[in-house]
Structure formats: structure tokens, C-alpha cells
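Q: sharing a model that was predicted from the sequence below.
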Amino acid sequence: MPSLILAHDLGTTGNKATLYDAEGRLVASAFHAYETQHLGQNRVEQNPHDWWEAVVASTRRLLAEASADDIACVSFSGQMMGCVAVDGCGEVLRPAIIWADQRATEQADLLAERVGPARVYEITGHRLGPSYSIEKILWVRDHELDTFAQTHCFLQAKDCLVMRLTGAYVTDYSDATGTNAFDLRARGWSDEILDAVAVDRALLPEPRPSTDVVGEVLPGPAEECGLRAGTPVVIGGGDGSCAAVGAGSVREGTAYNYVGSSSWIALATREPFLHPEHRTVTFCHLVPDLYMPAGTTQAAGACYQWFRNTLCQEEMRAAQAEGIDVYDFLNAVAETVPPGCEGLIFLPYLMGERSPHWNPHARGAFIGLTPSHTKAHMGRAVLEGVALNLRLVLDLFRENGARIDAMRVIGGGAKGELWRQIMADAYGVPVLLPAHPEEATSIGAAVAGGVGVGLFRDFGVAEEIAQITVRHEPRAEAKAVYERLAPVFRRAYEGLVEAFEGLG
């Protein structure tokens, strides 16, 4: 009987394919990169044919180590908030407009005029903005009439590949909630929003639960990938919701913090979490009947990377000479500085900010520099600044009734022991490191697939796969320092808002 799950995690830089067995153990993985086109004027695109080539290449690489007859299902996680136009034959009509693209500002204004920001937030759980799919669809209609006329369906990234494998035009609830056109509570497309902007519901895929088997691998794609024709395909979910499952956040009240180039904090709740000032967003969880409220900070690991690349050439050479990771080197140096950095604060707004400020004009800043501060102080201040900003996001949930007793941390940034301890001290709750923190997204896709074909009993298996391996308790003295600094950090940003806008 087939007992392996093939999970594809279609990210921004490439596709990561993984094989998991019926016990949830990672058997093998393969990565295939692809390019992103930055076209200027906030336009960012990718070629969906590159996605398919990545799926084919990574699948074949894995099947060199396992038989196609062992594959129980194929499942997907994928980058969200995209726009892929395909015709009735499944042919891609133009490059994909991906999540990072911000061109559709006029279309967001149209939604604001016809539906209203508050009403859109109430229906979808999301703020209006050019990042979302419906605004990008409207941009295609407004600027590429021939493409729009030929379009049979607008898909997300993973859904495009599911269509290529099965011929089905479907999506899942979690990805649908990244479109600005999905009714969170009804779990279906919002007629109110679609009617207001005159978009036919038929142009959007059928939304399904993340565990649904939506088709079987067709003979042609099977031959290309090396798979067995007829292999079940489970739709899976958007990358953020898959990460929640991979973090083990599958029960009401649990929370997780993804730390990569960007970072977000997300909860598992029974109801959508609508912030009175629209400072958080809410997605559908992969787990049926759960939601995933979240707040995202734009630059997290990106700030530490900037610090490394800009100010730490000497440290990079020293780390290379000693044969150690440069971040381990920088962390050891930063650990020599006491919590609070002796009065130095870093605002981590190198790329503007989403939660909690939603200010594209925000900039990064060191505040409080004196002659006694060193590069070590600056390095720790970067780590603390990201943690304090995430603390503001956490407080948005706390101030509106959420109880958060612990925080699971995943992503590449979760590898740093110092950063995890700073987070525990700044958040005031234990920080938990699950097993496989860098595999969380693919684990989520695999669990959805395993539940979908009956290899796993339910999503509770994610808690077994993501068992906690390290626990950091808040330290009383350090916690007191960050409690004092948190309002100072907030006021530092508020005091610079006008200056940020004046910088253009």
C-alpha cells in the first residue's frame, strides 16, 4: 500500500519538494530555484512555467530514492496573494503577478469607493491593498483587455500546479482568504464584493477544504514528473496556514511566530479576529472550523542580514576563517551586551511596515547612540528591535482578549538561541522551539495530504511531528527591562512618523 506523501512548498525563491512517511518522518527533500522579475514601478512577476519545471525536476530527484508506487498522494503549500491567468485549456496567458507586486493601487481605491475599507475588512478579515488578488485581477482587466477576455480562471500559485496535474480549477479556503474577495465566515466568494467590482464568480476557482482530494495525476503530467497516473492530489493550503500546522498550532488558543526575512505572529481561533483599527488580518486555518489571525512585520531577518552585510565585513571574514556560521559569530558578540543595549533602540522599519503601523513610509533607525555604544550593541539592538516590534503585534491580540500562554517559533530565524531568549523576555511568555522549524510549511502541506487520503487520523498528528525540543522561559530581570522599553519603543516610532513622511 502506498505510504509516502509528496509535499511541494512553492515559495518565492523556489520549490521545495519533500517526502514524508506515514509516521510523519521526513524521508527526503529536494529544492529547485527559479527567478523573480522585478520590473520597476512596484511590479514583481514570476513565470509559472518555471514553477512547473521546478516541480518536475524536484519530483524526479526525489523519485530517484523512492518508487512512484509508494506515493500515496501529492499535496501543496504555496505563496499567496497572487494572480495567475489561465485559459480554458489550462494555458498560462501572462506571467504571474506575485504577492510582492504593488501596482494595483487604483484598483484598491476602487474597492474602497464601492465597498468601503471597513466593510471589506468585516467580510474578508483583511485590509484593502494592492497586495491582494482581486485588485490584481482588476488591474489585468483595466490594462490587458485581451488577456482578461481570454481568461477562464484566475488562480493562486499552488492552484496553477494542481490544475496542471489534474485539470481541476480549484483553490482552498486558506489561499482564498488572501484575495480580498472571500467571505471568511461563509467560506465562499463574496457576491457583495464581486458584484461591486463587476467580476464574474466563474473567473475564480472553486474553494475547497485543504484536505480535499481534488483530482488525480493525469497521464501526461505523470510521465513528465515520473509519478504514477491516478495518484491522488490533495489541494493543501497557503504557506502561512501550512506553517501553522507545521508549527503544531492546530488547537484553539495556540500561537506561533514565523521568523524569516519577514516575521509574523499568528493564533488559532474559533472565530475571525477583527481588530477595531484593522491592524491585524485573519486567514482560514487548514484545520476545519479554525481561523488564523495574524500580524506581520515587514523586515525581521532582513534587518539582521542588512546589519551583517553593511557593518560586519570584518566579522564575516573572521567567521569564515574559523569555519563557523557568521550569524553564530554575531550572536556570540551580541550576547556580551546586556538586555536593553544600555539605552540603544533600533526601529526595524527598513521596508516600511505592516502590523502594527501599516505605514509604507516608515524607515529604520538607531536611536540613543552614544560614544560608549559599539557594534556589539548595534547587533543586539537589531535583534531586540525586531522582538519589540513583534511584541507590539502580540499586544494587539492581548489587548483585545486573546490569551497567549506560549509562543512556538519557526523559520530560519528560530535557529538563533539568543534571539529566541530575547523573544521570550520581550513577549513575557515561554518561547518553544518545535522539531524541524525550517520544515514547518512543507510539514503542513504533508499533514493536509495525509489527512486527505487517510494516512493520518486528523491534524492532531502535527503536534506529534512538531514536538517541542527547546523551551526558553522569560527571565525576570530581562523581562522587566523590556517592559520598560516597550512604551519607549512605541513612542520613538510615533515621534518620527512626520519625519518619515518628509523623507519621501
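A: Received it, and whenever you're ready, just let me know what you need.
Q: what's around E399, how many residues?
A: When counting by other C-beta atoms under 10 Å, one arrives at 10 neighbours for E399. C-betas here are computed from N, CA, C, even on glycine.
Q: and what of K415?
A: Quick note: K415 (other C-beta under 10 Å) scores 17 neighbours.
Q: enumerate every residue touching the closest residue in space to V92 that isn't next to it in sequence.
A: In this structure, V92 finds its nearest non-sequential neighbour in P48, 4.7 Å apart by C-beta to C-beta, 6 or more residues apart in numbering. If you count contacts by C-beta atoms under 8 Å, 6 or more residues apart in numbering, P48 has them with V84, V92, P95, A96, A157, C160.
Q: and S249, by the same measure?
A: Applying C-beta under 8 Å, 6+ apart, we find S249 in contact with A255, Y256, A266, L267, A268, R408.
Q: ok but it is inside a strand, no?
A: No: the assignment for S249, made by DSSP: H, G, I helix; E, B strand; the rest coil, is coil rather than a strand.
Q: phi, psi for it please.
A: Main-chain dihedrals, S249, degrees, to the nearest 10: phi -90, psi 80.
Q: quick check, central residue of this structure?
A: Nearest to the geometric centre of the chain sits G240, at 3.9 Å (C-alpha atoms, centre = their mean).
Q: for that residue, which three-state class applies?
A: Strictly by three-state DSSP, G240 counts as helix.
Q: isn't it right up against S174?
A: Yes: using C-beta atoms under 8 Å, G240 makes contact with S174 at a distance of 7.5 Å.
Q: shared neighbours, the two?
A: M80, F283, M292.
Q: is it correct that the first one is in contact with Q156?
A: Yep, that's M80 we're talking about. Yes: with contact defined as C-beta under 8 Å, M80 counts as touching Q156 (6.5 Å).
Q: mind listing the shared neighbours of those two?
A: Contacts common to M80 and Q156, judged by C-beta under 8 Å, 6+ apart, are D175, G178, G238.
Q: filter those down to the buried ones, PyMOL style.
A: Of the shared contacts of M80 and Q156, the buried ones go into a single PyMOL selection, burial set by 16 or more other C-beta atoms under 10 Å:
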select buried, resi 175+178+238
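Q: thinking again about what came up before, a markdown table please, covering the contacts of P48 and showing neighbour count and pLDDT.
A: A markdown table is the format used below for the contacts of P48 (neighbours: other C-beta atoms under 10 Å; pLDDT from 0 to 100):
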| residue | neighbour count | pLDDT |
| --- | --- | --- |
| V84 | 26 | 98 |
| V92 | 19 | 98 |
| P95 | 19 | 98 |
| A96 | 26 | 98 |
| A157 | 29 | 98 |
| C160 | 26 | 98 |
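Q: nearest to V27, of these?
A: A157 (24.6 Å; C-beta to C-beta).
Q: quick one: the closest one from L203, how far?
A: As judged by C-beta to C-beta, to the nearest Å, A157 and L203 stand 17 Å apart.
Q: report the buried residues of the particular helix or strand that has A57 in it.
A: Taking DSSP states H and E as the definition, A57 sits inside helix 48-63. Of all the residues in helix 48-63, those buried under the rule 16+ other C-beta under 10 Å are 48, 50-52, 54-63.
Q: parallel or antiparallel, list what pairs with the helix or strand following that helix.
A: Downstream of helix 48-63, the first helix or strand assigned by DSSP H and E is strand 71-78. Looking at strand 71-78 with DSSP bridges, its partner strands are strand 4-10 (parallel), strand 232-238 (parallel).
Q: A68 and G230 touch, don't they?
A: No: using C-beta under 8 Å, A68 makes no contact with G230, being 10.6 Å away.
Q: neighbour count winner among those two?
A: With neighbours defined as other C-beta under 10 Å, A68 and G230 compare such that A68 has more, 18 against 10.
Q: for the more buried one, which non-adjacent residue is closest in space?
A: Per C-beta to C-beta, 6+ apart, closest to A68 is R228, 4.5 Å.
Q: that neighbour touches A72, doesn't it?
A: No: using C-beta under 8 Å, R228 is not in contact with A72; the gap is 10.5 Å.
Q: more neighbours: those two, which one.
A: A72 (23 against 17).
Q: sec struct for the residue nearest to that one when sequence neighbours are not counted, please.
A: Nearest non-adjacent residue to A72, counting by C-beta to C-beta, 6+ apart: P2, 3.9 Å away. Of the three states, P2 takes coil under three-state DSSP.
Q: surely P2 and D69 touch.
A: Yes: if you go by C-beta under 8 Å, P2 and D69 touch, sitting 6.5 Å apart.
Q: give me the domain ranges for this protein.
A: 4-242, 248-296+404-472, 301-395+483-502 (automatic domain parsing).
Q: roughly how far is the longest one from the heart of the chain?
A: Looking back up the chat, that one is domain 4-242. 14 Å (C-alpha atoms, centre = their mean, to the nearest Å).
Q: 59 is where my numbering starts, stick with that
A: With the count now opening at 59, the last piece we talked about shows up as domain 62-300.
Q: that one: end-to-end distance?
A: End-to-end distance for domain 62-300, by C-alpha to C-alpha, to the nearest Å: 18 Å.
Q: what is the burial count for Y407?
A: 24.
Q: without its sequence neighbours, what residue ends up closest to it?
A: Y407 sits nearest to A420 (C-beta to C-beta, 6+ apart), 3.7 Å away.
Q: tell me who's in contact with that neighbour.
A: Here A420 is in contact with L405, Y407, G410, E411, Y551, V555, F558 (criterion: C-beta under 8 Å, 6+ apart).
Q: and the fifth one, helix, strand or coil?
A: Y551 falls in the helix class when you classify it by three-state DSSP.
Q: after the strand or helix carrying D204, next one along is what?
A: Secondary structure assigned from DSSP H and E places D204 in helix 203-208. Downstream of helix 203-208, the first helix or strand assigned by DSSP H and E is strand 211-213.
Q: contacts for that following strand?
A: 141-144, 191, 195, 198, 221, 227, 229, 261-263.
Q: partner strands of it, with direction?
A: By DSSP bridges, strand 211-213 pairs with strand 142-144 (antiparallel).
Q: which strands or helices does the next helix or strand along the chain from the strand it pairs with pack on?
A: Sequence order places strand 154-155 as the next helix or strand after strand 142-144, per DSSP H and E. Applying 3 or more C-beta pairs under 8 Å, 6 or more residues apart in numbering; DSSP states H and E, one finds that strand 154-155 contacts strand 101-104, helix 191-201.
Q: correct me if wrong: R478 contacts G469.
A: No: counting by C-beta under 8 Å, R478 stays clear of G469, with 11.3 Å between them.
Q: which SS class is the most far-flung residue of the chain relative to its centre?
A: Distance from the C-alpha centroid of the chain, by C-alpha atoms, centre = their mean, peaks at P429 (39.4 Å). Classification of P429 using three-state DSSP returns coil.
Q: confidence score at it?
A: The model reports P429 with a pLDDT of 97.
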